[in-house]
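A.B. asks: Next one to model:
(chains A and B)
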There are 2 protein chains.
Amino acid sequence: MNFPSKLLEDAVLEISKLPGIGKKTALRLVLHLLKKESKESESLANALLNARENIRYCKKCHTISDHELCAICTSNKRDKRVVCIVEDIRDVLAIENTNQYFGVYHVIGGVISPMERIGPDQLNINSLIERVITDTEIKEIILGLSPTMEGDTTAFFITKKLKSYPIKISTIARGIPFGGELEYMDEVTLGRSIATRTLFETKED
Amino acid sequence: MNFPSKLLEDAVLEISKLPGIGKKTALRLVLHLLKKESKESESLANALLNARENIRYCKKCHTISDHELCAICTSNKRDKRVVCIVEDIRDVLAIENTNQYFGVYHVIGGVISPMERIGPDQLNINSLIERVITDTEIKEIILGLSPTMEGDTTAFFITKKLKSYPIKISTIARGIPFGGELEYMDEVTLGRSIATRTLFETKED
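C.D. replies: Coordinates of the predicted model:
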């Protein structure tokens, strides 16, 4: 694409470096900003710079936080005995939005993936083990990792590392999602959901 | 969505103000920037600010330009006798990418749309008429507007305004796009493409 302006080209190239944004979308976004008041571009640029410069990670659970410890780790309403291990901050947000979990988290920052040269040392796994050793309050670890090969490898690795400590290790339930249609479900999920069936509970019980 | 950090929330809200970007995409983009070096966020922010502050519009054709007159208007390789009227700068880029047009442009900045309260006065139509009056070199106006109701209204308005001047007014060809399948084409396009059929030319002629 030939641009009539170097400034426009620079802005488009910078935006199109972002994942999932191509040059056409980038151009659309820049033209949108040009049509709006310059105040809007300024606040966008400032918010980005501010976030990049000042966002910190919670010393304890590695979630994004404005302070040394995040709001979840410092809240006295959260059950510090249960720690849910997740891949990244987006998983924390997803679980928080369910309003069903009241424990704390540990963000390991990825999954073990030899293909992408990510080993246990690149993840926050050592700090997790240290946390389990030093914080005797912890009674249960919930593995909230993706059910992929990499996720399972990571779960297996963590389980092996924590085996010798007196804590319960559980994993989030696998099965047919609510609203999912049985006939379209893959065989592995369907087969496992029959093998790991649970008691049907009714309110009258 | 509840964010664990005010800075993160600000950045996500600012990005999600852009058209076509929701909160989930915005979050993905911010997390991407956080993973990269801060240099990248800086150059993105600077490119945006720079573009917003310093991009100018060509005095003659209203394309985006770094100088008072754009590269197309000042080029002596372009045929100044033909002016193509387009809606916005993206259309200029699209036509430039064809490498088939060697005239100049006039960006009117939109189309007449009473629903969105855009009348002729909100567009660069007066400057077009002035340009036609003062620049006696202009011999032909090509209407390169979208074949929508608003585009046709605008084309009609411009034609009426320019009727009294000794210039040719043409419009880009409508018909079946190359690679388009006849059976899936809408009736209006197909009907019109038969009515406005052109002579079939072969190289031997």
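
A.B. asks: can you pull the contacts of A:Glu140?
C.D. replies: Going by Cβ atoms under 8 Å, 6 or more residues apart in numbering or on different chains, A:Glu140 touches A:Arg81, A:Val82, A:Val83, A:Gly103, A:Ile167, A:Lys168, A:Ile169, A:Ser170. Every C-beta, even on glycine, is put in place using the N, C-alpha and C of the backbone.

A.B. asks: try A:Ala26
C.D. replies: A:Ala11, A:Val12, A:Leu13, A:Ile15, A:Ser16.

A.B. asks: what's the spacing between it and chain B?
C.D. replies: Distance of A:Ala26 to chain B, given as Cβ to the nearest Cβ, to the nearest Å: 10 Å.

A.B. asks: same question, A:Arg197
C.D. replies: Counting by Cβ to the nearest Cβ, the separation of A:Arg197 from chain B is 33 Å.

A.B. asks: What helix or strand is that residue located in?
C.D. replies: A:Arg197 is part of no helix or strand, with elements assigned from DSSP states H and E.

A.B. asks: Break chain A down into its domains, please.
C.D. replies: Using automatic domain parsing, the domain parsing of chain A gives A:6-54, A:57-171.

A.B. asks: Endpoint to endpoint, the last one covers what distance?
C.D. replies: Right, domain A:57-171. From its first residue to its last, domain A:57-171 covers 25 Å (Cα to Cα, to the nearest Å).

A.B. asks: can you check the first one too?
C.D. replies: Between the opening and closing residues of domain A:6-54 lies a distance of 31 Å (Cα to Cα).

A.B. asks: Using PyMOL, define a selection of the buried residues within the contacts of A:Glu140.
C.D. replies: To isolate the buried members of the contacts of A:Glu140 in PyMOL, using 16 or more other Cβ atoms under 10 Å in any protein chain shown:
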select buried, chain A and resi 82+83+103+167
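
A.B. asks: for the residue nearest to the spatial centre of chain A, what are its contacts?
C.D. replies: Closest to where the C-alpha atoms of chain A average out (Cα atoms, centre = their mean) is A:Asp88, at 2.6 Å. Applying Cβ under 8 Å, 6+ apart to A:Asp88 gives the contacts A:Val107, A:Gly109, A:Gly110, B:Leu31.

A.B. asks: What distance do you get for it to A:Ala47?
C.D. replies: According to Cβ to Cβ, to the nearest Å, A:Asp88 stands 21 Å off from A:Ala47.

A.B. asks: Please apply the same query to A:Leu143.
C.D. replies: 34 Å.

A.B. asks: Not counting sequence-adjacent ones, nearest residue to A:Asn97?
C.D. replies: Nearest non-adjacent residue to A:Asn97, counting by Cβ to Cβ, 6 or more residues apart in numbering or on different chains: B:Met1, 6.4 Å away.

A.B. asks: That neighbour in helix, strand or coil?
C.D. replies: Following DSSP: H, G, I helix; E, B strand; the rest coil, we place B:Met1 in the coil state.

A.B. asks: Can you point out the buried residues in the helix ranked longest in chain A?
C.D. replies: Counting residues, the longest helix found in chain A (DSSP state H) is helix A:38-54. Using 16+ other Cβ under 10 Å as the burial criterion, the residues of helix A:38-54 that qualify are A:Glu40, A:Ser41, A:Ser43, A:Leu44, A:Ala45, A:Ala47, A:Leu48, A:Leu49, A:Asn50, A:Ala51, A:Arg52.

A.B. asks: Quick one: residues contacting the third one.
C.D. replies: Contact analysis of A:Ser43 by Cβ under 8 Å, 6+ apart lists B:Glu14.

A.B. asks: Figure out how far the strand ranked longest in chain A is from the centre of its chain.
C.D. replies: Secondary structure of chain A per DSSP state E: the longest strand is strand A:79-86. A distance of 14 Å separates the centroid of the chain from that of strand A:79-86, by Cα atoms, centre = their mean, to the nearest Å.

A.B. asks: List the buried residues for the following helix or strand past that strand?
C.D. replies: Downstream of strand A:79-86, the next assigned helix or strand under DSSP H and E is helix A:89-98. Buried residues in helix A:89-98, counted by 16+ other Cβ under 10 Å: A:Ile89, A:Asp91, A:Val92, A:Leu93, A:Ile95, A:Glu96.

A.B. asks: Please apply the same query to stretch A:26-37.
C.D. replies: For stretch A:26-37, by 16+ other Cβ under 10 Å, it's A:Ala26, A:Leu27, A:Arg28, A:Leu29, A:Val30, A:Leu31, A:Leu33, A:Leu34.
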